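Colleague: Just to be clear, the model below is a prediction. Sequence and coordinates:
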Amino acid sequence: MNWTNMLEIILNNTILYATPLVLAALGGVLSERSGIVNIALEGFMIIGAFAAAVVAIFAGETLGVGRMAPWFGLLAAFVLGVVFAVPHAVATIHFRADQVVSGVALNFLAAGFAIFMVKNLFEGAAQTTTVQFPFEKYSIPWLSDIPIIGNGIFFAYPTSYLAVVLVLIVYFLLFRTPFGLRIRALGEHPHAADSVGIRVYLYRYMAVLLAGGLAGLGGAGMSIAVTSNFQHNTIAGHGFMALAAMIFGKWHPVGAMWAALFFGFATALAASGQVIGLTNYVPAEFLIMLPYLLTILALAGVVGRAHAPSALGRPYVKGQR
Amino acid sequence: MAAVVEMLGITKRFPGIVANDNIHLVVEKGEIHALLGENGAGKSTLMNILFGLYQPDEGKIRVHGKDVKITDPNVANRLGIGMVHQHFMLVQPFTVTENIILGSEVTNGPLLDLAKAEKKVAELSKRYGLDVDPKARVEDISVGMQQRVEILKTLYRGAEILIFDEPTAVLTPQEITELMQIMRNLVKEGKSIIFITHKLKEIMAICDRVTVIRRGKYIDTVSVKETDPDKLANMMVGRHVQFAVEKEAATPGSSVLELRNVEANGNRGVKALNGITLEVRAGEIVGIAGVEGNGQKELIEVITGLRKTTSGTIVINNQEITNRTPREIAESGIGHIPEDRHKRGLVLDYSIGENMVLNTYYKSPFSKSGILQFDKIFSHARRLIKIFDVRTPSEYTPARALSGGNQQKAIIAREVDRDPDLLIAAQPTRGLDVGAIEFIHKKLVEQRDNGKAVLLLSLELDEIMSLSDRIAVIYEGRIVGVVKPEEVTEHDLGLMMSGATTDKGREEAAT
Amino acid sequence: GCGGAAKDKPAPGAGPDQKPKIKVAMVTDVGGVNDNSFNQAAWEGMKRLGADLKLQEKKEYTYVESKKKEDYVPNLNSFVKDKWDLTWGIGFLMAQDLAKVAAENPNAKMAIIDSNLDGKIPPNVTAVTFKEEEGSFLMGVIAGLMTKSNQVGFVGGVKFPLIEKFENGFKAGVYAVNPNATVKVAYAGAFDKADQGKILASTMYQGGADVIFHAAGATGDGVFTEAKSRGKGFWVIGVDRDQSSLAPDNTLSSMIKRVDTAIYTVSKDLANGIWNGGKQVELGLQEDGVGYAPTTSKNTPANVIAKVDEFKKQLTDGKIKAPKTAEEFEQFKATFKK
Amino acid sequence: MDSRFNRILIPLIAILMGLLVGAVMMMSIGYNPIAGYSALFGGIFGSAYNIGETLRSVTPLVFTGLAVAFAFRTGLFNIGVEGQFIIGQLTAAYIGAAWSLPPVVHALAAVVFAMITGGLWAAIAGYLKARLHIHEVITTIMLNYIALNTSNFLIRAYFHGQQENTPPIRPSASLDMPILSQMFDNARLHWGILISVLLAAAVYWLLFRTTKGYELRAVGFNSHAAEYAGMNVSRNIVTSMAVSGALAGAGGAVETLGVYGYFGIQGGFSGVGFDGIAVALIGGNHPFGVLLSALLFGGLSYGSSSMQRLEGIPTEIIRVVIALIILFVASSALVQWMIGKFRRKGQEVGRS
Ligand SMILES: Nc1ncnc2c1ncn2[C@@H]1O[C@H](COP(=O)(O)OP(=O)(O)OP(=O)(O)O)[C@@H](O)[C@H]1O
Ligand SMILES: Nc1ncnc2c1ncn2[C@@H]1O[C@H](COP(=O)(O)OP(=O)(O)OP(=O)(O)O)[C@@H](O)[C@H]1O
Ligand SMILES: [Mg+2]
Ligand SMILES: [Mg+2]
């Protein structure tokens, strides 16, 4: 294939793969900046993927809203993501549960619940039917006429554009508003925040619930854009990759985005490698694991350690250091 | 004058102990009221109650004559009560301004307006003579400036009644004089101040009245004019306290520690030590005097192996230990009371007993062929707790649960008990009450008299003066002079510390 | 049970007038019974048997899902130990485990799909395998004839012998009808990564391929969504069952494996007293064990289908042999002539 | 004493609450919880065979649980157990098939080498953290995929028997326990169970009784203080990752040598490593706690398939139940609060 095509598709796949990770990682950033560890991203993504697929199917087939269907799905994913974040929030904030334990529990809960519901909604089937109206790629006028990056970058799913917008929003929220200042203070020194009368619990709740919603959107990005259905393995480790992106991106929304794009780029690169027949020289398995190798190498190259919010993972108890 | 704060019959119980037992505290408008008591006496607790962080089990609180329930810091803020906490409540990666406005932010629509906020902060700091850089990150500024930020936080919230919990424990002498001036300005502005300190001369210097508590019980409230340090010490400890350190003249022996032109970089890569040359001999206490941030920290770190030197040699007992590992150096006969007890000195989640063997755990009798001997470890701990009077429920209590004062005693016990040839003591009495200080000073002198070398680092000039046999003054990573305490006044020392003697040289270098 | 292989009496309860009775169970692999693939097909076969013999679900025919690899043995045993007449293991993944259980319980009758147990088939086991290479060959023929760009693609799940049968059969089919067409091959490294499937597919399509055949389970779903979102002219060929519903306007055909037929016939035979234990039953085009989906005619012109049937005949007559491995494919290229 | 009492009571209550919610879910879709749970417990304890298989399914969880718990105790989060387990499986399969040694020795050699390779694999993440300060959570996640694909490649290219599997291990390398298996009606019981218990004891001893354990935990709690005390922080980080990985590797080895007798190309992760995280955390990251939580976790998931087989109840319900149990155990504050309320009620009743 000629190299412009190649470049286009690599860029395009980079974005395709990165989008769900970016959305979920944003959730991670919010939650962990407020001091609550969030390895439940995987679970929230599962729930989001589930909700989006089911609602998109229902809206498309029963309500007959046609092309609007995926948007309903997206909304549902956010809402159910928030709902599922509630137990995590209650357990870790109110009942001081170990935040990792609670996260692990939620991953189980989400997986179990989602499949359980699918089996009930689709007479016993382990996966939903195919989403008849999934998201379609949109190309941005003018921009998409630019050679290479036009088709590479400005021809993507709405979820990708949404992700970019949300990166900016979360960035402003965290670094330009009082809300963000308070959230970040909680992640660093909750006692300080408390001593100036910030409602520690309230703000942590908001952060964790929003995180659930964002990760939910990430899941939706898989089921109604990429796979067009939901089944037990629609989300297979993506939540953990998002977690990695968040850390790689140093708990910063923009950083997380670049990290996710990096994973996506490596994945797309590996795919192209196989297709152009590198497998005659390199075993397929090595191309398949390339992204993970590159990540480690990249991290080894990065100067300056990422350091987590100081109070991350420690439950907040008044009057105790 | 009307009472602005009345705390009447306050009782607060914690699991296993009564921190406050029917305590009274009445503060009048425009006064600086000292709260005095041993470590663990209940001062911080009482103040945390006034600030709404703890709820009293009994007793009532009146502010401006009205009964109030201070359920949380918001209420306290609304009542015009502000607190400068003993352990700073500052968000390290935030800027000064961000820390000050946190919780009552300056906004422009939905967004933060940091520019406007910085102006406000600048105004405030001018008005009260609290010099801060609004844009600086807290993690980059000196402890003194951090404290000024804490004060600004309360003023920014319009506090009329300010609580200072041991502000001076962490300050340099210069900073202390500045703080005193600030406090005077504040009362001029009509504020009232509650001032916790263990340093009686500070109380004598600026307080109007002082309330003394002991072991959680109210002792008395007296006017400073009608009392003196000895009376206060007596009231607080319940016995006579010896302030002046009694010691015979030193009989220095062979050289124990020797540094030759040692250079090293600080955390930010800039040169922190440039050519330190210093000797400490057996049977003497050498004090390092200097303004904070002139290389004291780095000096100790290179000696103990926690920081690499870039050039120069360090010799202990005639054996070179430059850039050896901390363990090798410790084995060669160094004991180290670290400056930051929480960061370096203790594993807060380990029991006191386990902490007492933090650097000997691998040696007999505490470890036999790789196996820990807990009976030995804890009996050892019991012994030290007894000798050094560490106030702890038991040797199994986690270090975290101890009063900072007692945490400090535990560390000192551990290091002194190892009976090292060279004992490095950094800020050994910071935050301790007079009783504890007296005791620790005795221990250091004992070490010396047993023919051991002691390297004392303290920001308290009078501690340096009273303990040291020789004083080495450090300035900009160099020893700019070694003097005998009886031959200098605090004033001369202060001048040397501020680099006065080398001003000219610096100007030349600058041009 | 009562040993003795071939001449087994009809199972208890079978009288002259009434239908023969039998208790048959199947153990799915980790895909679960509704995997839209061969576990599901297997269960359809069971249901057909149940309807036919008026068997009662759960009591006389049933299934159990395996969640993990470790579940296979206990799941198989759960039926063997309550003396069910026949226990199916669905999928090559449980080959070793089924052999083990069969050996421990020589009186229990068992059968497995997709494995010949490395040729060492115990007397109480029937091993059903399919000639995927033959079905894939036909898919190759379709792809080879339908491609306009002379570039076609193959997306595999994980690279191992079973999937390589698909790959090489397919390549041979393409070669047979269109020697100068190139086949791009890529493996996702997983059967459950639809996003990988989509990325591989889009890379292939973008690179000029216009037909893609997948043998990658759920990873293949990504191939369908990619074809669908690209619209007309980007073709995909499904696997195992008729997958055209996933992208009706882009699906040329599906290489179907009649797992259901296999389950149905072998079980029904046993009910009627026919049991060929210890043997490998290999189902190819001949036996209708593999073939192309009925919906093929939707997007594939009749002349192409005719060509496919022609090759089908040659394969069944043994005139040509579809290759299973890379080596066999090389030989095929060497020997095959128009 | 009260706290010790709670340490028993809280998990019990958590389990009950979890099962309760599960029952509600069953009823909500028209299944009979009594029947469901009797099927579940029948599936766990119902027969000698089931008991045996339950124990078998618990065994790998003990290893992975120990691996995660050990890392946690030393301040590290090892999400890489999954991959280290795979490395162990591969190593054991290779040594078991390729070498020829006298019986017991052969099996032991395979386990030991699996521990070494698993340990080295994990040590990579340890080294990257110690030297380059790369967060172990990222590296271990990445190393999982790398392990999976490396193993798949090695098997496909150099080491496959029939089809996608490695050649079977030699009898001399097997960890089977024929006698015990017989007793449990051919359940796949093997020496690995014993090994897992021994390792649990060993981990306890290493962590809480030895000088090394004191160091490892100190570094985990406060690396600055550890450095001050003359401990080599970097080396300790690498060591604890290596030990953690060795435990996982041992798990992989016994799974290969005791259960399957071969290893194969994998389409994905088995999840046993991730389950190990849950097991470790339910077990309070204490070796003996891990033993118990592995029993709970393994038992429930194993029994769930009988629930599906006999009553047609989706096994996901059990996933949910397990999730809730973890959640309730974690939120011990909640449970304590409930116990408290309950007690107070009791007292009031007593008074009146
Ligand atoms: N949150 C708490 N939990 C348990 N005990 C506490 C708590 N806070 C204070 N105490 C106990 O109450 C006693 C008084 O503590 P407090 O901090 O008031 O002493 P202090 O006067 O501030 O000591 P210092 O002079 O060292 O600051 C201490 O013995 C401490 O153990
Ligand atoms: N988690 C806890 N459990 C028990 N006691 C605690 C706990 N946290 C704090 N304390 C007690 O609260 C009191 C206040 O803590 P703080 O650090 O102010 O002690 P402190 O003695 O004032 O410190 P310093 O000696 O540095 O002045 C201390 O006496 C300490 O014993
Ligand atoms: Mg205090
Ligand atoms: Mg104090």
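Modeller: Arrived safely, thanks for sending. These numbers were taken from a predicted model, which means no experiment stands behind them. Ligands and ions are numbered 1, 2, ... in the order given.
Colleague: buried stuff in stretch C:173-185?
Modeller: Buried residues in stretch C:173-185, counted by 16 or more other C-beta atoms under 10 Å in any protein chain shown: C:173, C:174, C:175, C:176, C:177, C:178, C:181, C:182, C:183, C:184, C:185. (Each C-beta comes from the backbone N, C-alpha and C, glycine too.)
Colleague: Oh, that last question was meant for stretch B:77-97, not what I typed.
Modeller: B:77, B:79-86, B:88-91, B:93-97.
Colleague: So which of those residues are in helices?
Modeller: B:77, B:96, B:97 (DSSP state H).
Colleague: quick one on the thing from earlier: pick the one among the buried residues of stretch C:173-185 closest to residue A:313.
Modeller: residue C:185 (45.8 Å; C-beta to C-beta).
Colleague: what number of residues lie near the closest residue to that closest one other than its chain neighbours?
Modeller: Spatial nearest neighbour of residue C:185, excluding adjacent residues (C-beta to C-beta, 6 or more residues apart in numbering or on different chains): residue C:154 at 4.8 Å. Counted with other C-beta atoms under 10 Å in any protein chain shown, the neighbours of residue C:154 add up to 30.
Colleague: Confirm residue C:154 sits in a strand?
Modeller: Yes. Per DSSP: H, G, I helix; E, B strand; the rest coil, residue C:154 lies within a strand segment.
Colleague: Was I right to think it contacts residue C:167?
Modeller: Yes. Between residue C:154 and residue C:167 there is a contact under C-beta atoms under 8 Å: 5.5 Å.
Colleague: Now list whatever residues contact both of those two.
Modeller: C:185, C:215 (C-beta atoms under 8 Å, 6 or more residues apart in numbering or on different chains).
Colleague: For residue A:152, give me its contacts.
Modeller: Neighbours of residue A:152 in contact, by C-beta under 8 Å, 6+ apart: A:7, A:8, A:9, A:10, A:11, A:12.
Colleague: Got a ChimeraX select line for the buried ones in these?
Modeller: Filtering those down to the buried ones (16+ other C-beta under 10 Å) takes a single ChimeraX command:
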select /A:7,8,9,10,11,12
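Colleague: Filter the contacts of residue A:152 down to just the ones in helices.
Modeller: Going by DSSP H, the helices hold A:7, A:8, A:9, A:10, A:11, A:12 from those.
Colleague: before we move on, which element is residue 102 in?
Modeller: No chain in the question, so chain A it is. helix A:99-121 (DSSP states H and E).
Colleague: Hmm, no, I was thinking of chain C.
Modeller: Using DSSP H and E, residue C:102 falls in helix C:95-104.
Colleague: likewise residue D:126?
Modeller: Residue D:126 belongs to helix D:103-132, assigned by DSSP H and E.
Colleague: Going by neighbour count, list what's buried in that helix.
Modeller: In helix D:103-132, counting by 16+ other C-beta under 10 Å, buried: D:106-130.
Colleague: Likewise for stretch A:197-206?
Modeller: A:197, A:198, A:199, A:200, A:203, A:204, A:205, A:206.
Colleague: Need these in JSON lines (columns: secondary structure).
Modeller: Output for the buried residues of stretch A:197-206, formatted as JSON lines (three-state DSSP):
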{"residue": "A:197", "secondary structure": "coil"}
{"residue": "A:198", "secondary structure": "coil"}
{"residue": "A:199", "secondary structure": "coil"}
{"residue": "A:200", "secondary structure": "helix"}
{"residue": "A:203", "secondary structure": "helix"}
{"residue": "A:204", "secondary structure": "helix"}
{"residue": "A:205", "secondary structure": "helix"}
{"residue": "A:206", "secondary structure": "helix"}
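Colleague: pretty sure residue A:100 is touching residue A:40, no?
Modeller: No. Residue A:100 is beyond contact range of residue A:40, at 9.5 Å (criterion: C-beta under 8 Å).
Colleague: how about the residues of chain C near chain B?
Modeller: Residues of chain C lying near chain B by C-beta under 8 Å from any C-beta of the partner chain: none.
Colleague: So in chain C, which helix runs the longest?
Modeller: helix C:161-177.
Colleague: Any residue of that one touching chain A?
Modeller: No. On the criterion C-beta under 8 Å from any C-beta, helix C:161-177 is out of touch with chain A, staying 11.1 Å away.
Colleague: Could you list the low-pLDDT ranges of the stretch 1-150 of chain A?
Modeller: For the stretch 1-150 of chain A, applying pLDDT under 70 flags the ranges A:1.
Colleague: which residues in it form helices?
Modeller: A:3-33, A:41-58, A:69-89, A:99-121, A:149-153 (DSSP state H, counting those that start in this stretch).
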